[in-house]
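Q: Following is a predicted model, sequence given first.
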Amino acid sequence: MKSTKDPPKPYKITLSLLLVIILGVVFYLIKNGNHNDVTDIVNKTSSKLTNTEIPAQFEDLTIPYLRNRTYKSSLGSLDKIDENASYTSYLTNYISDGLKINGLLTIPTGTVPKGGFPAIVFVHGYIPPQEYNTMQRYVDYVDYLARNGFVVFKIDLRGNGNSQGQASGAYFSSGYVIDTLNAYAALQNASFVNSKEIGLWGHSMAGNVVLRAMTVEPTIPATVIWAGAVYTYIDQREFGIHDPSYQTPRVTGTQRINRESIFQIVGTPSAQSKFWHEVAPTTYLNDLKGAIQIDHALDDNVVSIKYSEELNALLNKTDVPHEFYTYPTGGHNISGPSFDLAMQRTVQFFKKYLNK
């Protein structure tokens with residue numbers, strides 16, 4: 001006689017039950033003092049639970065999203081502020097995301113060469129946005145490049161100095177990358193610039209910005225990074241950044257996208273996370289058509305040289321032409337006796353890869 005009872009159903013672990021199990025393990029570990037194990041479990045679980053979907057509010061941080069955007073801009077009026085035997089300096093601006101972004105433009109003296117001057121989009125590192133002044137920052141750097149025949153466009157990223165917009169930071173916002181690529185487009189449209197000979201230069205946080213920009217536009221021929229940081233995003237968790245001048249970005253309303261809110265929804269950076277995979281520029285190194293130079297002082301007490309060492313190691317696994325130079329002294333700005341050598345190498349690199 002056949003049983004009238006239903007056959008036993010396969011046991012299924014629901015998401016709720018999974019979370020109960022995890023919380024039980026976490027409670028046990030906390031009770032036994034294994035706090036490091038707790039952190040690892042929470043981070044790994046967070047990555048797995050957010051691995052299959054990228055939240056729409058954070059999609060604009062990803063390289064694929066930025067690649068699907070269009071970057072178009074042009075230089076505004078030129079207001080001459082200085083002139084010497086080597087170059088003339090102007091204050092100007094361009095439009096990025098509907099914002100007026102200001103910048104210092106230097107143009108070498110003399111006849112414009114056939115096809116135009118080679119040029120560099122110069123991206124500044126972190127400075128408290130309300131303290132930033134384009135006339136007082138990176139003067140020696142710009143002067144050195146301009147005297148060696150390059151148009152230099154030192155942009156004041158959104159929310160910095162007199163540029164419009166909010167300074168939402170570099171690593172967890174796409175705004176600075178967009179500003180950089182629109183500045184690149186503005187130089188491409190300048191009659192005195194060779195549109196095929198434009199490179200990027202970035203310091204500190206701008207190392208992240210220019211590398212992300214380069215992976216969005218892989219045909220950019222040359223990028224130089226001084227004392228840069230945050231490439232895999234996992235590296236930030238490992239090496240940290242020790243900048244006493246840092247101030248939490250004053251971002252409000254719908255633009256309030258910061259590290260805490262991203263971590264809460266997506267999880268901390270992890271190799272298993274699809275989101276962080278698509279945000280990290282190192283994922284796309286094999287796409288690059290141009291070259292990269294990395295410069296870093298051994299005594300940098302703000303950004304660990306390990307960031308540059310790790311990036312160089314990843315580049316060693318690709319066909320991307322690259323150079324890596326270290327300096328015994330110079331600190332975070334590679335100043336003092338190391339400055340001239342680093343600038344000489346920077347100029348040589350740009351001349352090699354922009355004058356093809």
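A: Alright, I've got the coordinates. Numbering: from 1, shown residues only.

Q: tell me the helices in the stretch 251-356 of the chain, going along the chain?
A: Defined through DSSP state H, counting those that start in this stretch, the helices belonging to the stretch 251-356 of the chain, from first to last, are 259-266, 274-279, 306-315, 337-354.

Q: contacts for the longest one?
A: Contacts of helix 337-354 from elsewhere in the structure, counted by C-beta atoms under 8 Å, 6 or more residues apart in numbering, are 118, 120, 140-141, 144-145, 148, 150, 197-199, 201, 221-222, 224, 226, 290-291, 293, 295, 297, 321, 323, 325, 327-330, 333-334. For every residue, glycine as well, the C-beta is placed using N, CA and C.

Q: Pull out the buried residues from those residues.
A: Using 16 or more other C-beta atoms under 10 Å as the burial test, the contacts of helix 337-354 include 118, 120, 141, 144-145, 148, 150, 197-199, 201, 221-222, 224, 226, 290-291, 293, 295, 297, 321, 323, 325, 327, 330, 333-334 as buried.

Q: can you give me the mean pLDDT across the helix or strand hosting Glu238?
A: Assigned by DSSP states H and E, Glu238 belongs to helix 234-239. Confidence over helix 234-239 (mean pLDDT, whole number) is 95.

Q: Please apply the same query to stretch 75-94.
A: If you average the pLDDT over stretch 75-94, you get 97.

Q: distance between the ends of it?
A: Terminal residues of stretch 75-94 are spaced 5 Å apart (C-alpha to C-alpha, to the nearest Å).

Q: If you count neighbours, what's buried in that stretch?
A: Buried residues in stretch 75-94, counted by 16+ other C-beta under 10 Å: 75-76, 87-94.

Q: Which SSE is immediately downstream of the lowest-mean-pLDDT helix or strand in the chain?
A: None of the helices or strands of the chain scores lower by mean pLDDT, DSSP states H and E than helix 35-49, at a mean of 39. Counting by DSSP H and E, the element after helix 35-49 in chain order, helix or strand, is helix 63-67.

Q: quick one, what contacts Ser261?
A: Applying C-beta under 8 Å, 6+ apart, no residues qualify as near Ser261.

Q: For it, give its distance to Gln57.
A: 9 Å (C-beta to C-beta, to the nearest Å).

Q: what do you get for Leu341?
A: Taken as C-beta to C-beta, the span from Leu341 to Gln57 is 45 Å.

Q: quick revisit: residues in contact with the helix holding Glu238?
A: Contacts to helix 234-239, defined as C-beta under 8 Å, 6+ apart, come from residues 171, 229-230, 268-271, 276, 280, 304, 306-307, 310.

Q: how's the chain carved up into domains?
A: Split into domains by automatic domain parsing, the chain comes to 15-49, 61-354.

Q: looking at these, which has the lowest confidence?
A: domain 15-49 (a mean of 42).

Q: Turn the contacts of helix 234-239 into CSV, including neighbour count and distance to Val210.
A: Converted to CSV, these look like this (neighbours: other C-beta atoms under 10 Å; distance: C-beta to C-beta, whole Å):
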residue, neighbour count, distance to Val210
Tyr171, 19, 13
Ala229, 29, 12
Val230, 26, 12
Thr268, 20, 24
Pro269, 23, 20
Ser270, 21, 24
Ala271, 11, 23
Trp276, 25, 20
Ala280, 25, 15
Ser304, 19, 19
Lys306, 14, 19
Tyr307, 26, 14
Glu310, 18, 17
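
Q: quick one: which of the residues you listed is nearest Glu217?
A: When the contacts of helix 234-239 are compared for distance to Glu217 (C-beta to C-beta), Ala280 comes out closest, at 16.8 Å.

Q: Tell me the spacing between that closest one and His242.
A: From Ala280 across to His242, the span is 22 Å (C-beta to C-beta).

Q: Against which helices or strands is the host helix or strand of Ile178 packed?
A: Here Ile178, judged by DSSP H and E, is contained in helix 175-188. Judged by 3 or more C-beta pairs under 8 Å, 6 or more residues apart in numbering; DSSP states H and E, the packing partners of helix 175-188 are helix 63-67, strand 87-96, strand 99-108, strand 117-123, strand 151-155, strand 193-203, helix 205-216.

Q: Does the fifth one pack against any helices or strands, and if so which?
A: Put plainly, it is strand 151-155. Where contact means 3+ C-beta pairs under 8 Å, 6+ apart, strand 151-155 is packed against strand 99-108, strand 117-123, helix 139-147, helix 175-188.

Q: The longest one too?
A: Using 3+ C-beta pairs under 8 Å, 6+ apart as the contact definition, the elements that helix 205-216 packs against are helix 63-67, strand 117-123, helix 175-188, strand 193-203, strand 222-226.

Q: Adding distance to Thr134, write the ones you listed out as JSON lines.
A: Putting those into JSON lines (distance: least, C-beta to C-beta, whole Å) gives the following:
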{"stretch": "helix 63-67", "distance to Thr134": "25"}
{"stretch": "strand 117-123", "distance to Thr134": "11"}
{"stretch": "helix 175-188", "distance to Thr134": "13"}
{"stretch": "strand 193-203", "distance to Thr134": "14"}
{"stretch": "strand 222-226", "distance to Thr134": "18"}
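
Q: Of all those, which one is nearest Asn286?
A: Proximity to Asn286 (C-beta to C-beta) singles out helix 63-67 among the helices and strands packed on helix 205-216, at 12.5 Å.

Q: so what does that closest one touch, helix or strand wise?
A: Using 3+ C-beta pairs under 8 Å, 6+ apart as the contact criterion, the elements in contact with helix 63-67 are helix 175-188, helix 205-216, helix 274-279.

Q: I'm done for today, thanks for sticking with me.
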